[in-house]
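Peer 1: Can you look at this prediction? I've put the sequence above it.
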2 protein chains.
Amino acid sequence: MLSNIRVVLINTFHPGNIGAAARAMKNMGLTNLYLVEPREFPSEEADSRSAGAKDLLENAIVVNTLEEAISDCQLVIGTSARTKRTFDLPLLDARKGAERIVGEAKQGNIALVFGRETMGLHNEELQQCNFHVYIPANPEYPVLNVSQAIQLLCYEVYVASENKTNTEQESEYPRHKEMALFYEHLEKVLRLTNFIIPNHEGKVVDKLRRFFNRSRPERTELNMLRGILKSVEETVEKLEKK
Amino acid sequence: MLSNIRVVLINTFHPGNIGAAARAMKNMGLTNLYLVEPREFPSEEADSRSAGAKDLLENAIVVNTLEEAISDCQLVIGTSARTKRTFDLPLLDARKGAERIVGEAKQGNIALVFGRETMGLHNEELQQCNFHVYIPANPEYPVLNVSQAIQLLCYEVYVASENKTNTEQESEYPRHKEMALFYEHLEKVLRLTNFIIPNHEGKVVDKLRRFFNRSRPERTELNMLRGILKSVEETVEKLEKK
């Protein structure tokens, strides 16, 4: 079950933090590490700080974009030092978040996404998530070192996986890639229907993305939505041919 | 309440870990750091890793022995990677341990003791504790970096202090120093009564220490025990004078 959960690190600046992250993950039974554009990797400093978890570094997958790291995931969780909701996405504390993660980890891949040392995740990255997780902390000094944040989240995931009380979820969720295709399709159709007008686009797509990420359609529901979009396309095409 | 809780680090080898520990503590609202014979302190590496928690390093108290760091504490908790009881002391996981700590933190000082990077706490250090705490972890690779272990424990303490459900404890416990005086007194009396025989001392004192550390007499109970010891002394003295 833990093998379906990955940690994604974006633009890590200090290679030592990558090593410490690997050790923290292995301590908690996690093995899949994705690195999005790390500043320096592989690195001796990372090897040294990883201690007995060098195997995780050797198997780490380095990619150029967050998209590549999460495209086969059905659940994407962004970590944030903010304790207020942003983008209308649900915000859970680490413990509640871990319970959700473990509850779904049997059904598909799950990504835990961590941002840069200095400024965390950018808005467009946070928007790609299904929900956000924060670590309860001293309000006067709430920003943890990234490897410490990883340690805490992985620990909560490990403890949640040990507690068998997790509610198993029946529904099957689409992968991130399928949701991305849906958003493309949606935008295309909305241009077709002039809901989106060139040069006056506003934040329509962003707002829809937030809504659907938050509401998390199941796969059958998504198929239904895609069917609706297709029906609109076909209707418009038919009319245009007339 | 959190201000009564201190972190004690013994013989830390890497100064970076001291800095990371300070940051981890401050992130979770703890401020009191005691360093028992650190290899290198103060240190630039510690300052750098402490980030916004340099004030904790400046106020850190450096001592030569564990005894000095805990003598005014009523509750001493040792951290251990072992998940089996040792020395007959109670062993709690991090969450349960944190609840105990927070439940008592109003009444007096509490020490959370962390050992060396390579080998944790020595047996004579573990014996000075009232109970041990372990962090649930991957059984195949359970040993965390010390600053990560500190982060997790401090986090659990912070979360427990936020949850107001902690059972407040009524009883007042003696300080470590008072317990130390009691053990001295006990040994003196046991020699007087020939329960302890020179050159055949065995593990008597260790065993008694374990028993009393585990049973945790309240202050009034300890006063009673001291009274009993004194009564034995006086009786023996009286008889010897005859």
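Peer 2: The structure has been received and is ready for your questions. Residues are numbered from 1 along each chain as shown, chains lettered A, B, ... in the order given.
Peer 1: switch to C-alpha atoms for all contacts and neighbour counts from now on
Peer 2: Will do.
Peer 1: what's the distance between the helix or strand hosting A:Arg209 and the middle of its chain?
Peer 2: A:Arg209 belongs to helix A:204-215 when assigned by DSSP states H and E. On the basis of Cα atoms, centre = their mean, to the nearest Å, helix A:204-215 is displaced by 15 Å from the centre of the chain it belongs to.
Peer 1: same question, stretch A:95-110
Peer 2: Mean C-alpha position of stretch A:95-110 versus that of the full chain (Cα atoms, centre = their mean) differs by 12 Å.
Peer 1: got it, and stretch A:227-242?
Peer 2: On the basis of Cα atoms, centre = their mean, stretch A:227-242 sits 34 Å off its chain's mean C-alpha point.
Peer 1: coming back round to it: average pLDDT across the helix holding A:Arg209?
Peer 2: Regarding helix A:204-215, the rounded mean pLDDT is 79.
Peer 1: repeat for stretch A:48-63
Peer 2: Confidence for stretch A:48-63, expressed as mean pLDDT, is 97.
Peer 1: hang on, the earlier thing: on the C-terminal side of the helix holding A:Arg209, identify the next helix or strand.
Peer 2: The first helix or strand that comes after helix A:204-215 along the chain, using DSSP H and E, is helix A:219-241.
Peer 1: what's that next one packed up against?
Peer 2: Secondary-structure packing of helix A:219-241 (3 or more Cα pairs under 8 Å, 6 or more residues apart in numbering or on different chains; DSSP states H and E): helix A:176-192.
Peer 1: Just the angle for the helix it packs on relative to helix A:204-215, thanks.
Peer 2: Per axes from the mean of the first three to the mean of the last three Cα atoms, to 10 degrees, the angle that helix A:176-192 makes with helix A:204-215 is 140 degrees.
Peer 1: Against which helices or strands is helix A:176-192 packed?
Peer 2: Applying 3+ Cα pairs under 8 Å, 6+ apart, one finds that helix A:176-192 contacts strand A:73-79, helix A:219-241.
Peer 1: Tell me the buried residues in that helix?
Peer 2: By neighbour count with 16 or more other Cα atoms under 10 Å in any protein chain shown, helix A:176-192 contains the buried residues A:His176, A:Lys177, A:Glu178, A:Met179, A:Phe182, A:Tyr183, A:His185, A:Leu186, A:Glu187, A:Val189, A:Leu190.
Peer 1: Determine which two of the residues you listed are furthest apart.
Peer 2: Farthest-apart pair in these is A:His176 and A:Leu190; separation 20.8 Å (Cα to Cα).
Peer 1: now the strands: where do they sit in chain A?
Peer 2: A:5-10, A:32-36, A:61-63, A:73-79, A:91-93, A:109-114, A:131-134 (DSSP state E).
Peer 1: could you dump these to CSV with distance to chain B?
Peer 2: Converted to CSV, the strands of chain A look like this (distance: least, Cα to the nearest Cα, whole Å):
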stretch, distance to chain B
strand A:5-10, 15
strand A:32-36, 15
strand A:61-63, 22
strand A:73-79, 16
strand A:91-93, 10
strand A:109-114, 17
strand A:131-134, 12
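Peer 1: Dump those into CSV; add mean neighbour count as well.
Peer 2: What follows is those, written out as CSV (neighbours: other Cα atoms under 10 Å in any protein chain shown):
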stretch, mean neighbour count
strand A:5-10, 25
strand A:32-36, 23
strand A:61-63, 16
strand A:73-79, 24
strand A:91-93, 19
strand A:109-114, 25
strand A:131-134, 24
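Peer 1: so which of those comes closest to B:Ala51?
Peer 2: Of these, the one closest to B:Ala51 (Cα to Cα) turns out to be strand A:109-114, at 18.9 Å.
Peer 1: what about A:Pro136, how many neighbours?
Peer 2: Residues within reach of A:Pro136, counting by other Cα atoms under 10 Å in any protein chain shown, total 20.
Peer 1: err, A:Gly108, not the other one
Peer 2: Neighbours of A:Gly108 (other Cα under 10 Å): 18.
Peer 1: Go ahead and confirm it touches A:Ser3.
Peer 2: No: shown here, A:Gly108 and A:Ser3 do not form a contact pair, counting by Cα atoms under 8 Å, at 9.9 Å.
Peer 1: Leaving out sequence neighbours, find the closest residue to A:Ala51.
Peer 2: Leaving aside its sequence neighbours, A:Ala51 sits nearest to A:Arg23 (Cα to Cα, 6 or more residues apart in numbering or on different chains; 6.6 Å).
Peer 1: ugh, typo on my part, it should be A:Arg209
Peer 2: Leaving out its chain neighbours, the residue that sits closest to A:Arg209 by Cα to Cα, 6+ apart is A:Tyr183, at 7.1 Å.
Peer 1: Relative to B:His185, how far out is that neighbour?
Peer 2: For A:Tyr183, the distance to B:His185 equals 77 Å [Cα to Cα, to the nearest Å].
Peer 1: which residues does the residue nearest to A:Gly52 when sequence neighbours are not counted contact?
Peer 2: Closest residue in space to A:Gly52, ignoring its immediate chain neighbours: A:Arg23 at 6.9 Å, by Cα to Cα, 6+ apart. Going by Cα atoms under 8 Å, 6 or more residues apart in numbering or on different chains, A:Arg23 touches A:Arg49, A:Ser50, A:Ala51, A:Gly52, A:Ala53, A:Lys54, B:Leu144.
Peer 1: how many neighbours does the nearest residue to A:Thr12 once chain neighbours are set aside have?
Peer 2: Spatial nearest neighbour of A:Thr12, chain neighbours left out: A:Pro38 (4.9 Å); criterion: Cα to Cα, 6+ apart. Neighbourhood size, A:Pro38 [other Cα under 10 Å]: 20.
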